[in-house]
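Asker: Quick one: sequence plus predicted model below, questions after.
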Number of protein chains: 2
Amino acid sequence: MISLTPVPLTQESFAPFGQVIETNEAQSFLINEGTTRRYHALANVDVGTSGGEPIISIFAGTRRDIPFELKMVEKHPLGSQAFIPLQAKPWLVVVADDVVNPEPEHLHAFLARGDQGVQYAKSAWHHPLLILAEVQSFLVVDREKPGESNDANLVEHWFEAQTATVDIAGLLVE
Amino acid sequence: MISLTPVPLTQESFAPFGQVIETNEAQSFLINEGTTRRYHALANVDVGTSGGEPIISIFAGTRRDIPFELKMVEKHPLGSQAFIPLQAKPWLVVVADDVVNPEPEHLHAFLARGDQGVQYAKSAWHHPLLILAEVQSFLVVDREKPGESNDANLVEHWFEAQTATVDIAGLLVE
């Protein structure tokens, strides 16, 4: 079984899979008579394909059974999907290379800080939510098309040969 | 001078001005093999006017001088704007009725819990960020159009006759 060791999440390392949503002085400016700093356009929501409209949801996650066994990845061919933690606790981001049928050797695991969100790019393979706390909620910005099933924007791929695990020793939080 | 007393923020009371972003069992369902509850489409992002595209930003707010003196409101004629607190502390939401030139008697003040966000509807008059903590950050979902100045989506209206204040006795937080 392949065991993934998470590496710190950075904009550079995550670039092939989407955008990291974190404050970045370089793209910030003051507004509201100087009382607010705007960290501008940290992610560009990309959900317009096939008449999609952007929506804001909340995902309330619970921790999966330990050890984490990764059996599949999914992707959203019609739109980006952003996750931003609403409690500032570290969490895991697992993505896969852009191949037709990813297997565990195509996975990459990132350790996100509690003040880091991500936006998976349209069609980027990723594992569903993996939290390190017992519970953690996320703001989610993704897509719906009125009258269309959400299944139209969901492709799941289950690994064929083996599963993977993640080395979370020392990473669990309250 | 008019003094506003904040009332609790609810979906019903805020409906004329936009949407409240909060968990609501009625529009939720389980996903991710039962490990995550999705509170679905709490806000519908409305930024497509005139070629606008949705973007995700972070606003880092600092508290205004006390007492809060409200001198103006603003609106965004080309798109909705959502604010979701990234630290779960109560904050203030001040909006104005849909009149051409709002004055203090048109204002409404709401006390939002730390787990409540709002989305101001397109063209809804609102006061810029008013926090009760010394600092608080918000995830913001609004609009930009590549190549266009953000000023195109900003209308400010300064009150003519008088200003307003907000009764925040007992509401300030660390």
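Answerer: The structure has been received and is ready for your questions.
Asker: From now on I want contacts and neighbour counts done on CA atoms only, so please keep to that.
Answerer: Fine.
Asker: which parts of chain A sit against chain B?
Answerer: A:21-23, A:32, A:35-46, A:53-64, A:85-88, A:128-129 (CA under 8 Å from any CA of the partner chain).
Asker: Need the buried ones from these selected in ChimeraX.
Answerer: Selection command for ChimeraX covering only the buried members of the residues of chain A next to chain B, criterion 16 or more other CA atoms under 10 Å in any protein chain shown:
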select /A:21,22,23,35,36,37,38,39,40,41,42,43,44,45,46,53,54,55,56,57,58,59,60,61,62,63,64,85,86,87,88,128,129
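Asker: which residues touch the residue lying closest to A:Q116 once chain neighbours are set aside?
Answerer: Counting by CA to CA, 6 or more residues apart in numbering or on different chains, A:Q116 lies nearest to A:E22, which is 5.1 Å off, once chain neighbours are set aside. Taking CA atoms under 8 Å, 6 or more residues apart in numbering or on different chains as the criterion, A:E22 is in contact with A:42, A:115-117, B:58.
Asker: Show me what the helix or strand harbouring A:R37 is in contact with.
Answerer: A:R37 is part of strand A:36-44, with elements assigned from DSSP states H and E. With contacts defined as CA under 8 Å, 6+ apart, strand A:36-44 is touched by A:19-25, A:27-31, A:119, B:53-62, B:129.
Asker: can you do 7 Å?
Answerer: Contact partners of strand A:36-44, identified using CA atoms under 7 Å, 6 or more residues apart in numbering or on different chains, comprise A:19, A:21, A:23-24, A:27-31, A:119, B:54-62.
Asker: can you give me the offset of it from its chain's centre?
Answerer: Computed by CA atoms, centre = their mean, to the nearest Å, the separation of strand A:36-44 from the middle of its chain amounts to 18 Å.
Asker: Which parts of chain A are helices?
Answerer: A:11-14 (DSSP state H).
Asker: so where is it shaky, pLDDT-wise?
Answerer: By pLDDT under 70, chain A has no low-scoring segment.
Asker: Now for the contacts of A:E22: which two are most distant?
Answerer: The largest distance within the contacts of A:E22, taken as CA to CA, falls between A:L42 and A:D115 and amounts to 13.0 Å.
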